[in-house]
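Colleague: here are the coordinates; sequence isn't available:
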């Protein structure tokens, strides 16, 4: 789902004009971004947790040349899935557009029969 599809969905669910739904979604994303920039942890019960992870400077290696390089320290956003979301995703396996579900395979009756006298 893209951002524009999400805006469309919100506008239909809440019966809002698309422009207002887009501004609402942008405001939510801006709040999340500002909190992450302040190194705050964002917990959305039943969904997951957003936080910032800090990585120290280290020595790395260029895979092409094998030369040693210094990797700068960095801060990256991290998302940890909540238990409820994990359960709903893993328990509710359904058909997707990209990977349609396969029909259940039933063995043919001839495979289930055993030859007479052999067990």
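Modeller: It's in. Everything quoted here is computed from the prediction, not taken from an experiment. Numbers count the residues shown, from 1 in each chain.

Colleague: Contacts only, for the residue most central in space within the chain.
Modeller: Most central in the chain under CA atoms, centre = their mean is residue 81, positioned 8.2 Å from the mean C-alpha point. Applying CB atoms under 8 Å, 6 or more residues apart in numbering to residue 81 gives the contacts 48, 89. For the C-beta atoms, the positions are set from N, CA and C on the backbone; glycine is no exception.

Colleague: Next one, pLDDT for it please.
Modeller: At residue 81 the predicted local confidence, pLDDT, stands at 95.

Colleague: so how far is residue 46 from it?
Modeller: 11 Å (CB to CB, to the nearest Å).

Colleague: Ok, residue 31 next?
Modeller: To residue 46, residue 31 is 18 Å away according to CB to CB.

Colleague: Need the residues that contact stretch 60-75.
Modeller: Contact with stretch 60-75 is made by 39, 52-59, as judged by CB under 8 Å, 6+ apart.
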